[in-house]
Each structure stands twice: as structure tokens, then as C-alpha cells.
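S.K.: The following block contains a protein sequence and its predicted model.
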Amino acid sequence: MMNGFGHGHNMEEEEVEEEEDYAERRRLESSAHHIYNWKNVHQDLHGWASELDVGELITIPNFSLYDAMSAIELCDVKMDIGLLLKDRKIKSFEEGMERGSLKMDNFLAVEYLAVMERSLANLILWIEGHCLAQTVFTMLYLHKPQQVPDELIRTYCWSLLALCEYVRQIMLDGYVVEEEDFQVTSLALPPSSNADAPTAAALLKSVKSCEETSSKQARKHRSSFKEKSLADDDLQSQQWNALAMRFRFLRTLLQFFGSFALRSESFFAEAPQLIDLLEATIEKILAGYKLSEEQFRAAPGFESLVNLHLLPPSFPRHTPATVDGKSFDFFRSLSHQLRIVVSARDRLKTIEGFLFYLRTDGVLLDSALTRSMMQIVIGASLVLKRCSGDAPGKWELISTSDFIADSLRAFSNPPVLMSGFAQYEHHGQMKEYIETFLRSCIASTSVVLRNYGLNKARQRDSLAACLVDLFALQDDAEKFDEYFNAQLAELKLTGLNHTFCFGSWTLTTMLNAMADFLFCGLELQLYANSELHFVYWYLYDVLLHCEVQTISRAESATRENELAWQILHEVNLRGNKKAGGSKKKQNGRTKGSSESVPRPHVLYLARAQTLHHFCGALHYALLALQWQEKIKRPDQSLDCEEFRYYHRLMPFQERNAPAFVDYEQYQQVKSVMARNHVLFVGSSSGENSLDSVSDAYLKSSFNFQQADRHLVLWAKGGEVPFQQILAYIVGIPQLNFDLCFFSRKRYYPSCARGTT
């Protein structure tokens, strides 16, 4: 009875409070009406709206459609953040401490693990482009880590903040991230007290101490389990051991990024060992104790809406946390990418080497963080230091123009850049022209190098824009080659040929940029299935075919010029009867000689031939599938393939070398595959005949086999699995082609019979 009467008494009090609140609201409304003289215009608005036709709008000078679309709709959960603020359990770190709702000490091992797992998942979301306020800083301990009494949580918070600062600085220094890749700003988050932050060395020491503390607890519970055989001790031992592994992982990650941020000379020597330790630790973590989804979500110290008031009204309200336990799978992939970044410095000795590495191994860098790190490594190697040919273990200062000159020597070995040619540079304006050309190369190639650090969409747009500069550079190179060739003839340097030396280097760079423009479109799946046949054909029959010829021509010109220069040098020595002649012969090769730079033609040619035959195989296969009507075509009354052709290849139309192939020429090439060689493929005669389809599949099979043969030569030059790179570059997932088609000729007759 007491409880019943008490409950009724509480209900009466609530009714009285509601009546008082209602009276207060009525009083405020009446006073507001008296002060502001409100007027009800609902009926007027409904009347005016009834006079408008469907789709008709009213606009006034100071309130346009843009204002209406960007206005905040009050009491709408999608736009009015005030409706969501009331759902916050903890408004700030200070409030959580005062109310006791924020746990500050006596953490269990599973709670430590949950805090680390959830915060690392948020860190990954931030690296992938989400807002810092909605990811990392939803962890309340990060707002005031100096006030956290627990040593493990406090050390972890400082470590996470230091890691975030390393990542942010790398993104800024790399200068290749866009707004959709990474958000650098913190949206007015309250900064932590930097005065209390430990130094890098002290932080590493603290993390090491936390690791030892966790390992000590794991050993304690393990020995207790051996004595008492309690299941709880075994579980506690696994949890504390998992925590120790995570602190070791964190310490290794801090060492790696901290050393990289300092750009120390010892970083590239120590980095492989750090990556090995990082990968080994990650494997132990993945094989150890795993949190359940309930434990993950019950992590103390997190409030997803704590920073909601700092976000603009149109910002997304929630960032979903990763609860599938894939955080360390991301870090395992990241460690593989870090190894690619670290190994880049020892392999990059020329501009072509940079570009080749970015187009092959660098394709696997799918994170904005690793792409930024690669740009930093490239910038340091290109501008500051390079590996010396005489002492491979040492690094020396070198100017960018000398770097470009070494690249030209390695690729085409122009006579004007050979050692010993300096005695002729005073003739005419040769030296001035050489310096002018090298400066032009620096401006163009630096833009191309930066393009490969952008995301694929931005990279494609940037490649289309920089093609204009590459076209101009190619024209200048041809003019310089013509001038230098005339000067060589005037100097009577018989046998030396400068016809295609500068031009081959610039043309190869330009062709690679044009091909990468189309490869980016394939990877982004911008082309319809009905458009793929002419995209692959342009790669096969125009760009890559021309690149193969250019590399082969540059290789032969290099050998001929080296032989001619050697003959001229021997003739000069025989004519010289002075005492120092033998000494001069011994020291004939000086620094900067073509012998000091390895010839890269074999590897470049293998890559170009592999892609050339592979694109040809896909082109013929797509034609056959289209003729068999296995690829759906658009409605011919609403579609114009000629317009699609010119639209997709628009950036190439202003170039004469290689000459742009118009749509009519492409149709003539396709008509060769048809039974009737006079009619175009667009007509109905011949294109569906069995002989034409069989020929297309046979040509596709032949090109697949040739691509497989050249792929073996290409794969000898790197450590990354090139089958994966090739599938990634050519965009095979778009039509679900598989590299298992290589050397499987038996597949094609079944296709020709129409059984697949």
C-alpha cells in the first residue's frame, strides 16, 4: 500500500509540474506576441501556394533557390544538430570526471584491449578521409590525457596523439592529398596541453614500460593457471599477452614514423628491420586473442556525439566504427606498402626509374598516407641526393638538371651529353640549348611525378592537363635533335647521330602518360562495356605499339653512338703522340659517363610488350564477344559510337606524333576482321560469320600467350607479384577477365562455337 500511495503521489506531482510548464509557455508566448507583434500568415501562404503551377517557384533578390537549398531546416534530425545533442551521454571530459560516468582507473585487460581496438579503428577511418572530430577524438581520454590517472591509458593517449601528428605532417609534406582523401583540419577541436606532452624518446620509453607491465601480468596469470588450472587465469593471460603485443606494435609504429619525420640518414638502413618487426607483431596479434563485438562496443571512454557541436550543419552526422576486427588487416596491408616506399630509394637512379617504379610497384600504394610518403622519398632523392655510381653505399648532393642528364644518358645516351664532349660545347649555342632543354624537362617531369601521388580520379584529370606541356616538350626535343645533329655534322664527328636522342626520351614519357590516362579510366570503370573494344585497341595499336618501337629505337641508337664514340676516341688517341697519351686513355671515362648508368631498356621493353599484347588480346576478345552479341550494345537510335570515340580520346586529338587515329580509320581496321573487307563492321554482312569470330579468338589467344612470355621477363626485375599489378593496371575486374586465360588456347574454340 505504501508503494501504491507513493506512486500515485508522484503522478500528481508530475501533473502539477506539467500544468505549471504549460502556463509558463503560454505566458512567454503572450509576452513574445506583445513584444514582436506576431501575425499568423498560414492561410496567406496556402493561398499563394495554390496559385502556383507544379514545379513553379517564387524568388526574391535576397532569397534565391541556393539560399533555400542551403538553409537549415529546424527540428529536422538530418540538419538540426540540436535534436541530437540531447542524446549525448557525456558532454565533455570534465563532465564525465565530475559525474563519475567516465572510467578513470581499475581497468580490466579486456577494457584496455577494447579502448585500443576502437581507437585504432577510428584512426584508420581518419586516414581514409573521415573527419578527425568524428573518429579519433570521439575518445574522451584524448581531450585531456594529462589528467588520466591510469598509466597505460595515459601513455596510449599520448602515443596516439603523436601518431596522429606524424600522419598529419606527412600528408602536408607530401602535398598530394585532396579534400576527399584526407581532412587535415581538426574543426576547432580543443587542443591538448602540449606543455605536458612527453618527448619522443620519453614516449617510446613509456610505451616500452607499458609493454613490460602487460607481459609481467601475462606471465603472472600463466603461472597461476599452471598451479590452479583456472580457466579465468588462462583467459587473463591471453588478454594481457595480446595487450603487450599491441603496445609493441604501437612502439614500432612510433619508431618508424618518428624516424621518417626526421628524414634521418639512418632511417633507410633501419626501416627494413622495423617493418619486419611490425609484420611479425601484426601476425601475432591476428593469431592471438580477439574481442567480440559486444566487448568492442562496450569500450569505456567513447562518445560518438561529443564533438557534434563543432561540425557544420550540413556535415554527415555519424561515422560508423569498424567492428569486424579488420583493423590489423589494414595495418598488415600498410606494412607491405611501407616496404615498397622504403625500397624505392635504392632503386631510383633516373627519372625513368622513378616513373617505372610508380607504374609498377607503386600501383599497390592505395593509401593516401603511403602515396604521400612516396612523394617525400621521391622529392628527397630527386632534388637532394642520389646513389653514386662509384660508391653505391654512399649518397652525394646532385642538382636536378644533372639528374635529368643522367636519365637521358641511361635511356638514349645523346652525344652532346657524353663524357669528353665538353670540349665542343663552346661551339655555337650548344651549351645554352642543352641547359634550356634540361630546365624544360624539370618543369614537365616534376608535374608527371606528382600526378602518381594523387588518387585515380584526380590523377586522370591531371594527366589530361599535363599532356599539353608534354606535347610542347616533345616538339622542342625534336627541334633540339635536329639542331644538334647539324652541329655534329659541322664538327665532323662521323658516326654520331642525334636524330632521335632527346625525342625518344620525351616521347616515351608522353606515351606512358597517355596510356596511364586510359588505364585510370579503366580502373575507375568510366567506360561502358560497348566502349572497351576501341579503348583497348587504341592502347594496343597506337600508344603501346609506338612505345615498343620507341624503346627499341632508343636502345639501338644508344649502342650505335657508343660504338661510334669509342672509334672516334681511339682515332684521336692514335693521332696523339704525346707522353700523356696512355694516361689519357686510362682515364678516358670520367664521371657522368654512360657506362656509370645501367641500361634500363630490357625491363622497360618487357613491360611495354606485355601490356601491348595483353591489350591486344582483350581487344580481339571483346570484338568477338560483341559480334556474338554476348556484350549488350546501346540502342542504336539513341547512341553514337563515333561521338563516344572522340569523347574518350579527346586529350589526344591535338597531337601529331603519334598521329591521332580518327574514327573512320578505326572502322577500317575493324573491317579487316570481317569476312567482307569492303564493308564496315557497322553493317550486317560478315561480322557475325564463324571465320571472323574464330580469327578474333585466335588472335586474342596468340596475344595472351605473347603477353605471358614477356611477363616472365618483366617479373624478373621486381619483387612484387606482377600478375597482381597487371590485373590492377589494366582494369580486368571490369569484365571479370582472368589471367588464367594465358596460354589456354583451348578456351577460345568453345567461345567461337558459342557454348560459353
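M.R.: On my side now, so go ahead.
S.K.: How about the contacts made by F354?
M.R.: By CB atoms under 8 Å, 6 or more residues apart in numbering, F354 lies in contact with L348, I378, S381, L382, L449. The C-beta positions use only the backbone N, C-alpha and C, and glycine is treated the same way.
S.K.: for D635, same thing?
M.R.: Going by CB under 8 Å, 6+ apart, the list of residues near D635 is empty.
S.K.: now L358
M.R.: M374, L449, Y452.
S.K.: any idea which of the contacts of F354 is closest to T436?
M.R.: Comparing the contacts of F354 against T436 with CB to CB places L382 closest, at 19.8 Å.
S.K.: who wins for most neighbours among the contacts of L358?
M.R.: With neighbours defined as other CB atoms under 10 Å, the most crowded of these is M374; it has 26 neighbours.
S.K.: Leaving out sequence neighbours, find the closest residue to that one.
M.R.: Closest residue to M374 apart from its sequence neighbours, by CB to CB, 6 or more residues apart in numbering: V341 at 5.2 Å.
S.K.: Also I351?
M.R.: S407 (4.1 Å).
S.K.: Do me a favour and get the backbone dihedrals for the one you found.
M.R.: With angles defined as degrees, to the nearest 10, S407 sits at phi -60, psi -40.
S.K.: And the helix or strand where Q668 lies, what does it pack against?
M.R.: Here Q668 sits within helix 663-673, counting by DSSP states H and E. If you count contacts as 3 or more CB pairs under 8 Å, 6 or more residues apart in numbering; DSSP states H and E, helix 663-673 packs onto helix 532-538, helix 601-627, helix 641-648, helix 690-715.
S.K.: can you do 6 Å?
M.R.: Here helix 663-673 touches no other helix or strand, going by 3 or more CB pairs under 6 Å, 6 or more residues apart in numbering; DSSP states H and E.
S.K.: Now do the contacts for V176.
M.R.: R371, S372, Q375, G453, L454 (CB atoms under 6 Å, 6 or more residues apart in numbering).
S.K.: same thing but 7 Å
M.R.: Counting by CB atoms under 7 Å, 6 or more residues apart in numbering, V176 makes contact with R371, S372, Q375, R450, G453, L454.
S.K.: and what of A114?
M.R.: L291, Q295, F296, A298, A299.
S.K.: Could you confirm the second one falls within a strand?
M.R.: No: secondary structure assignment (DSSP: H, G, I helix; E, B strand; the rest coil) places Q295 in helix, not in a strand.
S.K.: so Y452 makes contact with D361?
M.R.: No: the criterion here is CB atoms under 7 Å, and Y452 misses it with D361 at 11.4 Å.
S.K.: could you measure E178 against M171, distance?
M.R.: From E178 across to M171, the span is 11 Å (CB to CB, to the nearest Å).
S.K.: let me redo that: R297
M.R.: For R297, the distance to M171 - CB to CB - is 30 Å.
S.K.: the more surrounded of the two?
M.R.: M171 (21 against 13).
S.K.: quick one on the thing from earlier: from the contacts of F354, which land in helices?
M.R.: Counting by DSSP state H, the contacts of F354 place I378, L449 in helices.
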